[in-house]
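Participant: Here's a sequence, model it:
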Amino acid sequence: MSQVLLFADDRALAAFLGGAATLRPGISEAPCQELDLQGPAPGALTRALLFDGEPLPASADPCNTSCVLPAALRGGKLEVRAQGKQHSIAAEALSEPRALAQILHPLPWRSPPAGGEVLYLCELGDDFARFVSEHLELGRDDLRTATAETPWGTRVLLDSGPPAWFLLERWVEGERVRAFRRSPGARARRVYVEWGYEHPLERWLRDPPEGELLLITADGQHLRCAATEFSDLAQLLDLEPGRFPTTELSPAPAPPRLSVALRLEGRVTPLDPTLWLLPGSEQARLERLLAQTPEDELRNLLLATIEGPDGAPLFAVREVLAGRAPRLLPLGERCFAPHPGLPNLLLPCDERLAPPLRDDRYATAFGLTGGILTLLERGPADELTQLTIPERAFQSIERLIDFVVHTEARRLEAIVREAPFALEEFAEVDLEVPRVEREHERLPATPQLPQEEEEPKPKTRGRLLGKLRDFFVPSPSEERPALPATPSADPGAAQLAELEATLTLEAPTAEAWFKLGRLQGARGGAEEALRAFENGLWLLPAGEGFAALQQLANELGGPLPPRKAPESASDLYRAVLTYCAAVADGEQDASRYRELTERVYEALRAQQVRLRKKTRWLLWAAVGRETGDAIELERQREDLLSELVLRGIEDREVPPFVRRVLLDEFGYKAATGSGASEALSFLEAASGFSGSLSLPALQAKSSAHVAWLLAVLGESKAALATAKRVERTARTGREDAQGAVFGAAALARLGAVRERAAGREQGLELIERSLHWIVSLATAKQSSHVESEAAKAFADWFSALEDARSASPGVGAPLLEEALERLRERSPELQAKVLSGAAQAWLSLGVEEQGLTLARTLLASDLRYELCEKIVLCLEDFTRGRPLGEADAGRVLEFFLANPRRIDEISIQMFEVVLRAHPQDPWELGERVRAQLNDGGHVYAARLIGLASLRRLAELRDRRRGPELLDAALADAWTHKAPPGAERRRGEQRMRLVTRLASLVPRFGMRDRGLALLGDIQRRAESEEDPYIRNELLMSAGMAISKLGDSLNSFKVLDQIAAQAMASFRAAELGENGPPAWLLFETIEECAHGVIELGETGEHGQGLLARIAELARETLKRLPHEGHLVSARFFACKALVRTSHSYLAMGNLDLARALFDESYEHVKRFVGQDLVDLLEQLAEVAGELDGRHRYGVAHKVIELAQARSGGSPFFERGLVDLIDRLTTNIVRGESAFTAALKRWKGREERLIRDRVAVEEFGES
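Facilitator: Numbers count the residues shown, from 1 in each chain. The predicted structure follows:
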């Protein structure tokens, strides 16, 4: 059957073919003839194509510019039937039947394509040589050539990849070189269309046979060229080295290593500062800054209090830019800016490092590591001096204000008590401190008292009330009437707060983010409004995102003025959108295009370290749409994926309101104010647990912790009453050494309670008595168990003194010196145990130098290997994150290599400490150590050294060497064979190497290559016979794949692992002498955890969790409560609790609580350490619930612990430690807030990774 396609013009034909090719992919090869119509056709259409064979899709053109009709060509007449009528039109065939693609001629394009690859067809000769030379002069040495037979004779095909635009425009104007653009269709990878033209069907053209290329010329010829295989251009170059004289140089002895001193030299244009150092004596200057800076900008300032090299106190003020322009704060001239490419290396703003080196060399030279800021300054003789500050030392300015409150609390409390307040009937009303409204913001008004009773406003912008606010925390009272609700004077603020809560606690939508952005913009928060718009853009589908981004230009103030350097994220958006508009019309010449592109690239690269990850990708994507720069796309993609693995979502990327909402919902606020009665009731239950313990001294230890929490909540009267009662209990049982240890620890904690609740130096007597008691116990000859408890009590003593100083700064300095002196007199083993347990307290107490000295001494003594491992890690702690000195690194390396048989996956942390400190290149040092271990026959230890070296290269972001070395290390790991008797399971050592190396793939940002490596691990794992080995390999590959953005594939792997493990467990025999099949529950439990890590919270993830829970129920139901199978019950119950935890992380509170209750009933049946371990799991679930639910769940844990108390002191001690941790987390809400923030960051990380991993610049 024949059909005719009638159409009005080329545009109408292209519109029809665009839809038809989707419905009938082979239409480009459909045979047809072009007809010359010599009479009117239906619909007044003037052009026609006659088709034979398979019917064409019907035209759906609403404008009636094309139609498909049954037809036949007979005797110069085209017979057509349309709308029930027969038409006969005079027509002449203009061509023989050919494929449609050959009938249609290429059309001149409207504008050049973005990017693409170009193939040049060249005639051999001088012109070709000049053409190649000009490419080489521009640094384009990546050319490939092939020869091809064409109708014009033998020609050279030159593949340049992305073209050099300058050369392309020059040479296509001549006749010796013809340029062809590769068709962008997904299938036509060997089809090229002549430069300047586009074929209507080029996206649907089939590839020619292998070994051929299809070239479509401007006049419509389809040339199939049989081309040789492409080879590197170097094979055609004749450099003829014999034309000039050569002299062979003989090798000389290796020269000595050269020492090149790094130095600071002046910079022409100073950088904007991001960190300031301020002497402690100039605190007044910092206070003036607080008084003069608007509150929304204070959120962007962090502060750390540190000691300088001379011991003098310093303030370090850091600005968290998050895409904003840096502010020139009035904090003196000692200001720093990050070195380009190394955000944690800061230099004076007007200086730079010399000589110029690669970033990884600077990172090695200064021992840079994550989480540590390194500051460089000139010393007295122009030599470099280096300061380091741990990032964890920085706090928000608001926390600093709380710190000032604590340091001056007693003096201010005396002032308050002397003030003649007449509260009368308002004595039971919650007081709220009114905030001073700033000129640029209007917050919701606080409920107002009648005008004549209104409190006087502070004269110094609310600073005094800011310091007094802790004294207005209301005491809980059941009889207190609630304050009547007062309508907000600022409905916009209420709407803003509601939106912020919705976006934080629920699944966000683009519209909600845009609404928040408009509200914030109306209230003067320009940069936060931009952040909100940006988050909304990220959630939009592909096409809408770029359109919305273009509309954002007007919101930001229109185009950026020419030559103005961007100073903030909004300026960068304006600059990028201005660039896109300028190049989109294609009217610029090549030089103007290059100038605009170079300028926008320079602006983005200069600011990208400061940008949020979303900002960075959106801006580069907008530019990439115009440039088609695939190389820059991959560079940005690798950088961002690697940053997500190494740093995750950084604090500066979290909107300020998110922390505020999460703290209100989950944090410490839930235990104060309206939540105080629940907190106090919970502490009463904890006190009941303490009273049920069999050992009086252990009762005292547990009760002392309850008293401390009461003091933290501000319940001073109750805390002191509890402390007085506990003090009497602590003194009983002094003759029993173990009880005496617990009693001594309790006295130290009670001393901290008195310092906080009764006032300065009110608890020193108890702290002193506790010290003397502990020292006497540590001196006497005791059993190993009692000696370990004495070491724990000594470490707890330092923690108690630390807490006492949080209320009374500097208190107990002589006692601290005495404690350090007494510790030096004890045995090295006791010293090591105390040091490892009290390291963090020593840092807070400011005695890290004494800690360093003691750690060095202990490392040289004859200690057990396990204790020395802990001492090495303490060494790095006491340097406050700085790398160790070369001498310390040498000591650690010497100890490490003296025990090669003890090197395992945990102990290589010691070697990683050495790598961070040693002056030699980390890989070179690792190779030297590996060779030494291999020579001694310690093959597995040598491969672990390679793993540690690769981890250090990942820390240094060395992507030049890292991927190649990791590839080689994985290939080597697969060949590992353990000696007989070295492993419990065959292949276990090999599995441990491969799984740890797999985790490094995303840290190097290896996208395509990484997916290939991880896919190989999956394929190899399938052939493993041991299910445990197989599952561990599959799990490691799946989790690493998810970090590269392929979460869907990762979940399929996870689901497969869980299904195999569950099937293996159901098929296994659980006999007394059989293999421990219940260990498969560890794999199943990890799968439940993996669901959350992958963010698979939908139907598939919940389905997997439901299957895991069902298997755990089956196992618990069919196994007895006693006998050898109790271990299987333990693992099944543990998996059930983990499933509850996973539901909680998903936000499915109903299922989480139901599973928790079910697990709780099973946990009741366990005894001993199994019970303690399962209660620990239940406590973890309780700690991560919000304030409304966590008290009820935690009550159940305490009730069960109390019901099982009364056993051995060892068992009760485990319960006491558990309940102490539980009560701290529940009252302070630290675990709940941390878990909620982690969930929020995890959701953001997945949103970013899933888009960055797959998006092309041509998409948006």
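
Participant: any idea of the mean pLDDT in whichever helix or strand Arg943 is part of?
Facilitator: With elements delineated by DSSP states H and E, Arg943 resides in helix 939-955, which encompasses its position. Helix 939-955 shows a mean pLDDT of 92.

Participant: Stretch 626-639 now?
Facilitator: For stretch 626-639, the mean pLDDT works out to 80.

Participant: Identify each buried residue in that stretch, please.
Facilitator: Neighbour-count burial for stretch 626-639, counted by 16 or more other CB atoms under 10 Å, picks out 626-630, 632-633, 636-639. Every C-beta, even on glycine, is put in place using the N, C-alpha and C of the backbone.

Participant: Now the two most distant members of those.
Facilitator: Taking every pair in the buried residues of stretch 626-639 and measuring CB to CB, the maximum separation is 21.4 Å, between Glu626 and Glu638.

Participant: Helices of the stretch 451-600 of the chain, start to end?
Facilitator: With DSSP state H, counting those that start in this stretch applied, the stretch 451-600 of the chain shows helices at 463-468, 491-505, 510-522, 526-539, 542-555, 569-584, 590-607, listed in chain order.

Participant: Correction: the previous question concerned the stretch 251-400 of the chain.
Facilitator: Secondary structure of the stretch 251-400 of the chain (DSSP H, counting those that start in this stretch): helices at 283-292, 295-298, 359-365, 397-407.

Participant: ok, of those, where does mean pLDDT dip lowest?
Facilitator: Set side by side, these give their lowest mean pLDDT on helix 397-407, at a mean of 51.

Participant: hang on, the earlier thing: of all the helices of the stretch 451-600 of the chain, which one is nearest Arg267?
Facilitator: With CB to CB, the closest approach to Arg267 among the helices of the stretch 451-600 of the chain belongs to helix 590-607: 13.9 Å.

Participant: Return the list of helices and strands in contact with the closest one.
Facilitator: helix 165-171, helix 569-584, helix 613-627 (3 or more CB pairs under 8 Å, 6 or more residues apart in numbering; DSSP states H and E).

Participant: circling back: among the helices of the stretch 451-600 of the chain, which gets the worst mean confidence?
Facilitator: Among the helices of the stretch 451-600 of the chain, helix 463-468 carries the lowest mean pLDDT, at a mean of 32.

Participant: The chain - how does it break down into domains?
Facilitator: Using automatic domain parsing, the domain ranges for the chain come out as 2-103, 107-238, 263-395, 491-663.

Participant: Out of these, which gets nearest to Lys1134?
Facilitator: Using CB to CB as the criterion, the shortest distance between Lys1134 and the domains of the chain is 27.4 Å, found for domain 491-663.

Participant: For that closest one, what is the distance to the chain centroid?
Facilitator: Offset of domain 491-663 from its chain centre (CA atoms, centre = their mean, to the nearest Å): 19 Å.

Participant: And the strands in the stretch 1051-1200 of the chain, which stretches?
Facilitator: Listed in chain order, the strands of the stretch 1051-1200 of the chain (DSSP state E, counting those that start in this stretch) amount to none at all.

Participant: what comes into contact with stretch 1239-1255?
Facilitator: Defining contact as CB atoms under 8 Å, 6 or more residues apart in numbering, one finds that stretch 1239-1255 is touched by 504, 538-539, 613-614, 617, 621, 637, 640-641, 644, 648-649, 653-654, 658, 662, 1007, 1043-1047, 1092-1095, 1145, 1147.

Participant: Off-centre distance for that stretch?
Facilitator: When C-alpha coordinates are averaged (CA atoms, centre = their mean), stretch 1239-1255 and its chain have centres 9 Å apart.

Participant: How about stretch 943-956?
Facilitator: Taking the mean of its C-alpha atoms, stretch 943-956 sits 20 Å from the chain's own mean (CA atoms, centre = their mean).
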